[in-house]
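Engineer: Fold the stuff below for me.
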Amino acid sequence: MGNVRRGGVALSDLLRLAGPDDGAEYVISAGLDHGVYDSAYHDHYEKDLPLDKALDGTTLVALAVNGAPLPARRGGPVRLVVPGYYGTNSTKWLTSLTVSDRRSTGAFTTKYYMDPPADDSAIATPVWELAPNSLLVAPVDEGVHVGRSVEIWGWAWACEPVTGVDVSVDGGQTWTSAEVTSRTGHAWQRFTLGWTPSSVGEHILACRATNRSGATQPSAPRRNRIHQRVVFVTQE
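Structural biologist: Residues are numbered from 1 along each chain as shown. As a prediction, the model looks like this:
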């Protein structure tokens, strides 16, 4: 997870010039990425997006990063960039865009990057929107002493804006609301909480983000599982 400034052409502008037919529902992107994955050879990489997301004005056919031409190691000279979606949807080394009335039939939309059904009555769902997630950055062991105030801080992100982050200093037994900065574009958001350790020894810090719709990070094993780290509190 990171923050950069992308430059390019809005996919919505290209689609409006192309004039998709009635009934179009997806945009399929293909790229030069190829090779062996999961013991099978794939001659190219292919993903799809809902047409509504492609038209929302944020999805880019990217040509630049941080003011410089997009290098090959970052998927240049042209790649798709889909803010708010997992990176697997931002096809590198872009070769074509196709508007379709159905999803791609490629392996990376039918077999891979699909979340399994939650129960027997459900169906697999595409790995598209970023689920709420957060990461602790500080404090680190060397700066944590009993009886002295320290700042716990980190980053939070999601497809929707993050509206709250809870922090725990006892491994998730109790939680306290942290301060969260507002979001600019799709950049991550900083959260902070002051803490004064009252005892020497090991403390398990944890954080969990909640987005605007009320979804939060789970404690169960998932890609956005609640993040924890161990901090050792010492005498000064």
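Engineer: Could you pull up the residues touching the residue nearest in space to the middle of the chain?
Structural biologist: Centroid check for the chain by Cα atoms, centre = their mean gives Leu130 as the closest residue, at 4.4 Å. Shown in contact with Leu130 (Cβ atoms under 8 Å, 6 or more residues apart in numbering): Gly84, Tyr85, Tyr86, Trp157, Ala158, Cys159. The C-beta positions use only the backbone N, C-alpha and C, and glycine is treated the same way.
Engineer: Could you export those to CSV, including columns for secondary structure and distance to Val27?
Structural biologist: CSV is the format used below for the contacts of Leu130 (DSSP: H, G, I helix; E, B strand; the rest coil; distance: Cβ to Cβ, whole Å):
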residue, secondary structure, distance to Val27
Gly84, coil, 15
Tyr85, strand, 12
Tyr86, coil, 16
Trp157, strand, 24
Ala158, coil, 23
Cys159, coil, 17
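Engineer: among those, who's most crowded?
Structural biologist: Ala158 (27 neighbours; other Cβ atoms under 10 Å).
Engineer: so that one makes contact with Asn133?
Structural biologist: Yes - between Ala158 and Asn133 a contact is recorded at 6.7 Å, counting by Cβ atoms under 8 Å.
Engineer: shared neighbours of these two, which are they?
Structural biologist: Between them, Ala158 and Asn133 share the contacting residues Ala209, judged by Cβ under 8 Å, 6+ apart.
Engineer: Where do the domain boundaries of the chain fall?
Structural biologist: The chain breaks down by automatic domain parsing into domains covering 6-126, 133-233.
Engineer: Turn these into JSON lines, including mean pLDDT.
Structural biologist: Shown next, in JSON lines, are the domains of the chain (pLDDT from 0 to 100):
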{"stretch": "domain 6-126", "mean pLDDT": "94"}
{"stretch": "domain 133-233", "mean pLDDT": "94"}
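Engineer: Which parts of the chain are helices?
Structural biologist: 11-18, 51-54, 107-110 (DSSP state H).
Engineer: Using a markdown table, lay out the contacts of Leu130 together with distance to Phe232.
Structural biologist: Below are the contacts of Leu130 laid out as a markdown table (distance: Cβ to Cβ, whole Å):
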| residue | distance to Phe232 |
| --- | --- |
| Gly84 | 37 |
| Tyr85 | 38 |
| Tyr86 | 34 |
| Trp157 | 28 |
| Ala158 | 31 |
| Cys159 | 36 |
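Engineer: so the closest residue to Pro197 other than its chain neighbours bridges to which residues?
Structural biologist: What sits nearest to Pro197 in space, not counting adjacent residues and going by Cβ to Cβ, 6 or more residues apart in numbering, is Val233, at 4.3 Å. Counting by DSSP bridges, Val233 is bridged to Gly201.
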